[in-house]
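Participant: Compute the structure for the input listed below.
(2 chains)
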2 protein chains.
Amino acid sequence: MSLLVVGSIGIDTIETPFGKAENVVGGSSIYISLASSYFAPPRLVGVAGDDFPKSAIELLKRKSVDMEGLEIIKGGKTFRWGGKYHLDFNVRDTLYTELNVFQSFNPKIPAAYKESEYVCLGNIDPVLQLRVLEQMTKPKLVVCDTMNFWIEGKLSELKKTLERIDVLLANDSEVKLLTKESNLFLAAKILRKMGPKILIIKKGEHGAILLTEKTTFITPAFPLESVFDPTGAGDSFAGGFIGWLAKTDDISDENLKRAVVYGSTIASFCVEKFSIDKLKELTHFEIETRYRAFRALTQFQE
Amino acid sequence: MSLLVVGSIGIDTIETPFGKAENVVGGSSIYISLASSYFAPPRLVGVAGDDFPKSAIELLKRKSVDMEGLEIIKGGKTFRWGGKYHLDFNVRDTLYTELNVFQSFNPKIPAAYKESEYVCLGNIDPVLQLRVLEQMTKPKLVVCDTMNFWIEGKLSELKKTLERIDVLLANDSEVKLLTKESNLFLAAKILRKMGPKILIIKKGEHGAILLTEKTTFITPAFPLESVFDPTGAGDSFAGGFIGWLAKTDDISDENLKRAVVYGSTIASFCVEKFSIDKLKELTHFEIETRYRAFRALTQFQE
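Facilitator: All right, here's what the predicted structure looks like:
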């Protein structure tokens, strides 16, 4: 099935306790597209300056990412972000943010994309997320990511977007912040009444929780002895998740569970190298092997 | 199989955002014994003052806890602890600690207990934990709990105890503190070389991880819409875990997984009411129902 991905395109500089990567490819639409490309060919909508590396565009094309929706602003500079992670990867300092061409991003969905059945809205301004949905004919499933920045700064806009989506991805603190409820599962109930019938709570190293009307499904994060760079993990999760759904065109609860495990699988690869370095070189064999390893992690005989 | 439980006996005053419980029964040996009593009758070794409520002793006896190893100090006062939890249950303030008779606790194992096959050492001074083991004939499996207080204050003593145990229970930050390694799974590898062949990492609301030579098994915490009082959750886990092993007398990896789920099951009940209020009234039907619900939480079809 057709899959639309909208989000940021960036050039990141990342410091972790294990090294530094300067001016590397980043942005939610890049991570989501690459992650989903292993399942279904995504259509990307985003904006970059003409400093965005041609090699990255070529790479995405080789990965079957449709780049018709990529807007390159001549003479413009790509969104840039610098971040530093501490040994506890949950603590991250933003060193700088330069919005550049992203500041005036106004997603225009190419005519050929408007009938896309699966839509993934990366973590951008909820006003823009809504503007994307208004251009779509009748998507079958809309997945949306957000963050505390929008919850705190654009709550009423975000609430309007929430009414139009099917799946919200948020981390545990965002779910609590959005609902002002400290118990995660009560908060999830409240949130699911605000629009999205399906909620996925991302808990980083502690895994993810899928909540639908009838299903509560919890998957751990994959146990990794080396986590190199957590940048893009959430986006890779989103890409693996919606990629699997677009590939199978099955949004039953049972298949949503598989999608959550595929999302976790791709995210676990993403953090093993800097930037998209691991994500760009995955094989289907690696993905399937780790997917099955996820099963073994939680199964037990009664 | 026979099961020995050694730990503290206390009178707690607990404040949570949901209420306050004054002078209620607490202490690791009490929680562990009650939790394990649903699987195998435990033998308790601990010390209390004569202010410890008779009703609690009667309750434990009714629950088939062998109280021969309970030492009551005439005219002495029981260990007392006061704690206050915040909305984020991971944050706890200790309001006061009165060691009282616990200060001179020197566990004496009754002759009839010395051949116990399963031994659970609650979170007490590692010197005392070792002293217990020196009195035992030849236990089949020794499970040991500890905490940052001992890791920071009595590391060399704790290391000696670690060499003598089979299963260590510790939370994620304790595992990292003990090994000075920030990656949890590398830290676990190091720790398993320090003595315990089996490591269980407790992550509170994020579940638990079982690590043996061949097995990595992860279970979530049960999704609860109301967590009332987290006191004793770790001890309840320990009790459910070792209780199941003592009942089945099977320490295969496959059965260790079940034990971890039973531990998680009992812990999930413990936090639903203050003190031992929920733990004392469980039914086998409730336990089995929730154990099966744990399975459903993580299972998915390939």
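Participant: contacts and neighbour counts: CA atoms only from here.
Facilitator: OK.
Participant: Can the host helix or strand of residue A:263 be said to contact chain B?
Facilitator: Using DSSP states H and E, residue A:263 maps to helix A:253-270. Yes: using CA under 8 Å from any CA of the partner chain, helix A:253-270 reaches chain B at A:254, A:257-258.
Participant: Show the subsequent helix or strand relative to the worst-scoring helix or strand of chain A on mean pLDDT.
Facilitator: The helix or strand of chain A with the poorest confidence is strand A:92-98; it has a mean of 92 (mean pLDDT, DSSP states H and E). Using DSSP H and E, the next helix or strand after strand A:92-98 towards the C-terminus is strand A:118-121.
Participant: Show me what that next one packs onto, helices and strands only.
Facilitator: Judged by 3 or more CA pairs under 8 Å, 6 or more residues apart in numbering or on different chains; DSSP states H and E, strand A:118-121 is in contact with strand A:3-6, strand A:141-145, helix A:233-248.
Participant: Show me what the longest one is in contact with.
Facilitator: Read it as helix A:233-248. Here helix A:233-248 makes contact (CA atoms under 8 Å, 6 or more residues apart in numbering or on different chains) with A:1-3, A:28-29, A:31-40, A:117-118, A:120, A:122, A:143, A:145, A:169, A:202, A:204, A:251, A:255-256, A:259-268, A:270-271.
Participant: Generate the PyMOL command that creates a selection of the buried members of those residues.
Facilitator: This is the PyMOL syntax for the buried subset of the contacts of helix A:233-248, where burial follows 16 or more other CA atoms under 10 Å in any protein chain shown:
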select buried, chain A and resi 2+3+28+29+31+32+33+34+35+36+37+38+39+40+117+118+120+122+143+145+169+202+204+255+256+259+260+261+262+263+264+265+266+267+268+270+271
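Participant: got a pLDDT number for the closest residue to residue A:146 other than its chain neighbours?
Facilitator: Excluding its sequence neighbours, the residue lying closest to residue A:146 (CA to CA, 6 or more residues apart in numbering or on different chains) is residue A:123, at 4.7 Å. Note on residue A:123: pLDDT of 95.
Participant: Contacts only, for residue A:123.
Facilitator: Contacts for residue A:123 (CA under 8 Å, 6+ apart) come out as A:7-8, A:28, A:144-147.
Participant: let's see 7 Å
Facilitator: Going by CA atoms under 7 Å, 6 or more residues apart in numbering or on different chains, residue A:123 touches A:7, A:28, A:145-147.
Participant: now residue A:175
Facilitator: Residue A:175 sits next to A:187-188 when contact means CA under 7 Å, 6+ apart.
Participant: after the host helix or strand of it, next one along is what?
Facilitator: Secondary structure from DSSP H and E places residue A:175 in helix A:172-179. Counting by DSSP H and E, the element after helix A:172-179 in chain order, helix or strand, is helix A:184-192.
Participant: Run through the neighbouring helices and strands of that following helix.
Facilitator: If contacts are counted by 3 or more CA pairs under 7 Å, 6 or more residues apart in numbering or on different chains; DSSP states H and E, helix A:184-192 sits against helix A:172-179.
Participant: So which bits of the helix it packs on are buried?
Facilitator: Buried positions in helix A:172-179, judged by neighbour count with 16+ other CA under 10 Å: A:172, A:174-176, A:178-179.
Participant: Let me know the closest of those residues to residue A:161.
Facilitator: In terms of CA to CA, no member of the buried residues of helix A:172-179 lies closer to residue A:161 than residue A:178, at 13.2 Å.
Participant: List the neighbours of the least confident helix or strand of chain A that are in contact with it.
Facilitator: Strand A:92-98 has contacts (CA under 7 Å, 6+ apart) with A:79-86.
Participant: quick check: angle from the helix holding residue A:263 to helix A:233-248?
Facilitator: Relative orientation of helix A:253-270 versus helix A:233-248 (axes from the mean of the first three to the mean of the last three CA atoms, to 10 degrees): 140 degrees.
Participant: Name the next helix or strand downstream of helix A:253-270, please.
Facilitator: Counting by DSSP H and E, the element after helix A:253-270 in chain order, helix or strand, is helix A:284-298.
Participant: can that following helix be found next to chain B?
Facilitator: Yes: counting by CA under 7 Å from any CA of the partner chain, chain B has neighbours in helix A:284-298: A:297-298.
Participant: what's the spacing between the residue nearest to residue A:256 when sequence neighbours are not counted and chain B?
Facilitator: Nearest residue to residue A:256 in three dimensions, chain neighbours excluded: residue A:245, at 7.4 Å (CA to CA, 6+ apart). Per CA to the nearest CA, to the nearest Å, residue A:245 is found 14 Å from chain B.
Participant: same question, residue A:6
Facilitator: Look at residue A:6 and chain B: by CA to the nearest CA, they are 30 Å apart.
Participant: I'd say that residue and residue A:47 touch.
Facilitator: No: in this structure, residue A:6 is not within contact of residue A:47 by CA atoms under 7 Å, at 9.7 Å.
Participant: Give me the pLDDT for residue A:186.
Facilitator: pLDDT, residue A:186: 97.
Participant: circling back to that earlier point, closest one of the contacts of residue A:123 to chain B?
Facilitator: Set against chain B, the nearest of the contacts of residue A:123 by CA to the nearest CA is residue A:147 (20.0 Å).
Participant: what does chain A put close to chain B?
Facilitator: Counting by CA under 7 Å from any CA, chain A comes close to chain B at A:87, A:182-183, A:185-186, A:206, A:216-220, A:223-225, A:254, A:257-258, A:297-300.
Participant: Filter the residues you listed down to the buried ones and express that as a PyMOL selection.
Facilitator: Selection of the buried residues among the residues of chain A next to chain B in PyMOL, burial being defined by 16+ other CA under 10 Å:
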select buried, chain A and resi 182+183+185+186+206+216+217+218+219+220+223+224+257+258+297+298+299+300
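Participant: which parts of stretch A:272-282 are buried?
Facilitator: Buried residues in stretch A:272-282, defined by neighbour count with 16+ other CA under 10 Å: A:272-276, A:279-280, A:282.
Participant: Same check on stretch A:285-300?
Facilitator: A:287, A:290-291, A:294-295, A:297-300.
Participant: And stretch A:55-70, by the same measure?
Facilitator: Neighbour-count burial for stretch A:55-70 [16+ other CA under 10 Å]: A:60, A:63-67, A:69-70.
Participant: so how far is stretch A:234-251 off the chain centroid?
Facilitator: Put simply, stretch A:234-251 sits 10 Å off its chain's centre (CA atoms, centre = their mean, to the nearest Å).
Participant: Buried ones in it, by neighbour count?
Facilitator: A:234-247, A:249.
Participant: before we move on, what about stretch A:81-94?
Facilitator: Judged by neighbour count (16+ other CA under 10 Å), stretch A:81-94 contains these buried residues: A:81-85, A:89.
Participant: List just the nearest of the residues you listed to chain B.
Facilitator: Out of the buried residues of stretch A:81-94, the member with the shortest distance to chain B (by CA to the nearest CA) is residue A:89, at 9.8 Å.
Participant: Would you mind giving the secondary structure of the closest one?
Facilitator: What DSSP: H, G, I helix; E, B strand; the rest coil gives for residue A:89 is coil.
Participant: Before I go, just wanted to say thanks for your time.
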